[in-house]
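Novice: give the three-dimensional model of this entry:
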Amino acid sequence: MAKLTAAQAIVEVLIQENVEKAFCVPGESYLSVMDALNDQDQISLISGRHEGGVSFMTEGYAKASGKVGVCFATRGPGATNLSIGLHTAKQDSTPIVAFIGQVERNYQEREAFQEVNLEQYFRHLVKWSVEIRDASRTDELVSRAFHVARSGRPGPVVVSLPQDVLDETAEFSFHCSRIYSDPRPNRDAVAQVKDMMTSANQPVIIAGGGICTSKASGRLADLADKLQAPVMTAFRRFDAFPNDDRHYAGSLGLGTPGYLLDCIKESDVVLAIGTRFSQITTQDYTLMNPSSKLIHVDISPHELNKVYKPHTGIVSDAKQFIEDLFAITEAPALDRKKQERVKFYREEYVKFREIPTLKDDEYVDLAGAIKDLKDVLPEDTIITNDAGNFFGWLAKYYSFIHEGTYVGPTSGAMGYGMPAAIGAKLARPDKQVVCLSGDGGFMMTMQELETAIRYNIPVIAVVANNNMYGTIRMHQEIQFPNRVIGTDLTNPDFAEMAKVMGCHGERVESNDDFTAALKRALKSGKPSVIEVRTDPQQISVRRTIDELRGVVKSG
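Specialist: Numbering: from 1, shown residues only. Next up, the predicted model:
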């Protein structure tokens, strides 16, 4: 038994949970926890410049490390700023425990200074929100927070910390705990899936985030070979399946090519593993053919029957399911029709990704820049990205060969890319980490470059600058052509700003100069910004603004 303050007990639980990094913007409402962190040397506290950036760092760290991310913020403004990353974590199924300072217990419900009812505010944004009102329950509630965050479908948890509770003392008894939560599938269900998939004429597999969480992409490739089925990945889950595998047909999401949608529509059996069938993955919930038999496998029973009613629903860890199905599936005789179908969709994918002839003009063609990234960067480079139309080029032309190499927000949160890269680099210091952002998203959290400089975190930020909120401008031109309002931007010289902050900075205005700039950034060993000037007319991969207006006029 040990007599500790609640603040000291929180730190002790973090140590028991093997936490190595925690992220914060310091605040007076949880100073006692910060002080307790001074008395140990296992956990490094990374102090950022804005809670939104800190929340994205935490989310990126959790994705890249496979561990529960931990962050701290102060009450009121700090909490609400932090919420963007927690919402991202909820939609991305990323385990986070967020500790947020709170006003003293006897001041609550009086609209005290910076008071927000944190339990109510976060209830629909996270898996669980709780307030510690009794110091003696600190160990119990914080340990439970970690369990909730990582069990089932992972997600974020908020722990509210009234300031007066943190200095109260209680008796605690700590011990290590290991909870095993990788459920295996029902045997009869797996046998049924084997029969359905092997007898299907046109099977297809959809790989979701559950594959990434359980690190099962390699085994899924082995299974796809046995099942002779094409595989596609869910929205922003590119590394759930090796993109160079002959069974890989592409990714569902924004701008999904027609051949992929046809593949789903024409399939008689669809095996979906570890996906929640998000709005973007399902093309506004229109993806499935009602006559297709859907097999839906997910670790959370709450994801089954939520969007589509499956023919067979199985609650299981993705990797456990794949291993069990692989074990009972015999290596079949080659089925010519299935093999031709796999080959057809692979060839369609390869054609879809062909790099076009680069435009000879005053701007950088992003297709060529993505090709240069592929040619120069190691295959195991971790790529993060922001939200914006620049993402279309990354999604179409970049290849993710190894699992754990993509960290991106399925929530489409702006400002995510660069802070997430910082978190990913702290999680995997042995890997090169590169983020892609647009000028709009980058400006939202670029202050975190100072965090990268202060802690010597050498990430590379590639910023596509077209001086506009491109995605919104595209929708604006579709719905209200020639009526532009609120989407034009003016930007600083990002490369010069980076240099002023202590980073390596370069500005690139033609494709001929991009590779050399990238190599210099890699060699610098410093946080780096490469600003690439892109054509404002080229609003998306497929359309210019003038072409878009023409489509609208002729439509």
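Novice: alpha carbons only for contacts and neighbour counts from here, please
Specialist: Noted.
Novice: distance of the residue nearest to Asp386 when sequence neighbours are not counted relative to Tyr406?
Specialist: Spatial nearest neighbour of Asp386, excluding adjacent residues (CA to CA, 6 or more residues apart in numbering): Gly417 at 4.2 Å. Gly417 sits 11 Å away from Tyr406, taking CA to CA, to the nearest Å as the criterion.
Novice: list the contacts of Val11.
Specialist: Contact analysis of Val11 by CA atoms under 8 Å, 6 or more residues apart in numbering lists Val33, Ala36, Leu37.
Novice: give me the neighbour count for the residue nearest to Asp386.
Specialist: Around Gly417 there are 32 other residues, counting by other CA atoms under 10 Å.
Novice: Gly438 is in contact with that one, correct?
Specialist: No - taking contacts as CA atoms under 8 Å, Gly417 lies outside contact range of Gly438: 9.4 Å.
Novice: what is in contact with those two at once?
Specialist: By CA under 8 Å, 6+ apart, the residues touching both Gly417 and Gly438 are Asp386, Ala387.
Novice: which residues does the nearest residue to Pro310 once chain neighbours are set aside contact?
Specialist: Nearest residue to Pro310, sequence neighbours excluded (CA to CA, 6+ apart): Leu294, at 4.9 Å. By CA under 8 Å, 6+ apart, the contact set of Leu294 is Val269, Val270, Leu271, Ala272, Lys309, Pro310, His311, Thr312.
Novice: which one of the residues you listed is nearest to Asn465?
Specialist: Asn465 lies nearest to Ala272 out of the contacts of Leu294, by CA to CA, at 37.2 Å.
Novice: so what does that closest one look like in phi/psi?
Specialist: phi -110, psi 120 (degrees, to the nearest 10).
Novice: roughly how far does it sit from Arg144?
Specialist: Per CA to CA, Ala272 is found 30 Å from Arg144.
Novice: the more surrounded of the two?
Specialist: A count of neighbours by other CA under 10 Å puts Ala272 above the other of Ala272 and Arg144, at 24 against 13.
Novice: thought that one was touching Met288?
Specialist: No - judged on CA under 8 Å, Ala272 makes no contact with Met288 at a distance of 11.1 Å.
Novice: give me the common contacts of Gly417 and Tyr406.
Specialist: Common contact partners of Gly417 and Tyr406 (CA under 8 Å, 6+ apart): Thr384.
Novice: excluding its backbone neighbours, what's nearest Leu223?
Specialist: Phe326 is the one closest to Leu223 (CA to CA, 6+ apart), at 5.7 Å.
Novice: show the contacting residues for the one you found.
Specialist: Phe326 sits next to Asp222, Leu223, Lys226 when contact means CA under 8 Å, 6+ apart.
Novice: pull out the buried members of the residues you listed.
Specialist: Buried by 16 or more other CA atoms under 10 Å: Leu223, Lys226, out of the contacts of Phe326.
Novice: JSON lines for the contacts of Phe326, including distance to Cys263 and secondary structure?
Specialist: Below are the contacts of Phe326 laid out as JSON lines (distance: CA to CA, whole Å; DSSP: H, G, I helix; E, B strand; the rest coil):
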{"residue": "Asp222", "distance to Cys263": "21", "secondary structure": "helix"}
{"residue": "Leu223", "distance to Cys263": "19", "secondary structure": "helix"}
{"residue": "Lys226", "distance to Cys263": "19", "secondary structure": "helix"}
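Novice: name the nearest residue to Ala495, ignoring sequence neighbours.
Specialist: Counting by CA to CA, 6+ apart, Ala495 lies nearest to Gly505, which is 4.2 Å off, once chain neighbours are set aside.
Novice: helix, strand or coil for the one you found?
Specialist: Here Gly505 is recorded as strand under DSSP: H, G, I helix; E, B strand; the rest coil.
Novice: go ahead and confirm it touches Val532.
Specialist: No - with contacts counted by CA under 8 Å, Gly505 stays clear of Val532, the gap being 11.2 Å.
Novice: average model confidence for the helix or strand containing Gly78?
Specialist: Element membership of Gly78 [criterion: DSSP states H and E] is helix 77-92. Average pLDDT, helix 77-92: 96.
Novice: again with stretch 397-404
Specialist: Averaging pLDDT along stretch 397-404 gives 96.
Novice: list of residues touching that stretch?
Specialist: Taking contacts as CA under 8 Å, 6+ apart, the residues outside stretch 397-404 that touch it are 64, 212, 215, 217, 238-244, 353-355, 367, 370-371, 374, 379-380, 382, 406.
Novice: show me the residues you listed that map onto helices.
Specialist: Ala64, Cys212, Ser217, Ala367, Ile370, Lys371, Lys374 (DSSP state H).
Novice: measure how buried the closest residue to Phe390 other than its chain neighbours is and give me the count.
Specialist: Distance criterion CA to CA, 6+ apart; nearest residue to Phe390, sequence neighbours excluded, is Gly438 at 6.4 Å. Look at Gly438: counted by other CA under 10 Å, it has 29 neighbours.
Novice: the residue nearest to Thr5 when sequence neighbours are not counted: neighbour count?
Specialist: Once flanking residues are discounted, Thr5 sits nearest to Thr169: 4.0 Å by CA to CA, 6+ apart. Using other CA under 10 Å, Thr169 has 18 other residues around it.
Novice: again with Ala452
Specialist: Number of residues near Ala452 (other CA under 10 Å) recorded here: 26.
Novice: Asn385 too?
Specialist: Residues lying near Asn385 (other CA under 10 Å) number 31.
Novice: tell me the domain boundaries of the protein?
Specialist: Per automatic domain parsing, the domain ranges recorded for the chain read 2-172, 187-352, 366-554.
Novice: just the strands in the stretch 51-200 of the chain please.
Specialist: Under the criterion DSSP state E, counting those that start in this stretch, strands of the stretch 51-200 of the chain are mapped to 69-73, 96-102, 128-131, 156-162, 169-172.
Novice: who's in contact with the last one?
Specialist: For strand 169-172, the surrounding residues in contact (CA under 8 Å, 6+ apart) are Met1, Ala2, Lys3, Leu4, Thr5, Ala6, Ala9, Ala135, Ser136, Asp139.
Novice: ramachandran coordinates for the second one?
Specialist: Right, the one you point to is Ala2. phi -140, psi 140.
Novice: pull out the CA atoms of the helix holding Gly78 and give them to me as PDB.
Specialist: Below are the C-alpha coordinates for helix 77-92, written out as PDB (Å, rounded to 0.1, in the frame of the first residue of the first chain):
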ATOM      1  CA  PRO A  77     -10.800  26.400 -23.800                       C
ATOM      2  CA  GLY A  78      -8.100  23.700 -23.600                       C
ATOM      3  CA  ALA A  79     -10.700  21.000 -23.600                       C
ATOM      4  CA  THR A  80     -12.700  22.400 -26.500                       C
ATOM      5  CA  ASN A  81      -9.600  22.900 -28.500                       C
ATOM      6  CA  LEU A  82      -8.500  19.300 -27.800                       C
ATOM      7  CA  SER A  83     -11.900  17.900 -29.000                       C
ATOM      8  CA  ILE A  84     -11.000  18.000 -32.700                       C
ATOM      9  CA  GLY A  85      -8.400  15.300 -32.300                       C
ATOM     10  CA  LEU A  86     -10.600  13.200 -30.100                       C
ATOM     11  CA  HIS A  87     -13.400  13.300 -32.700                       C
ATOM     12  CA  THR A  88     -10.800  12.200 -35.200                       C
ATOM     13  CA  ALA A  89      -9.800   9.300 -32.900                       C
ATOM     14  CA  LYS A  90     -13.400   8.300 -32.500                       C
ATOM     15  CA  GLN A  91     -14.000   8.000 -36.200                       C
ATOM     16  CA  ASP A  92     -10.600   6.400 -36.800                       C
END
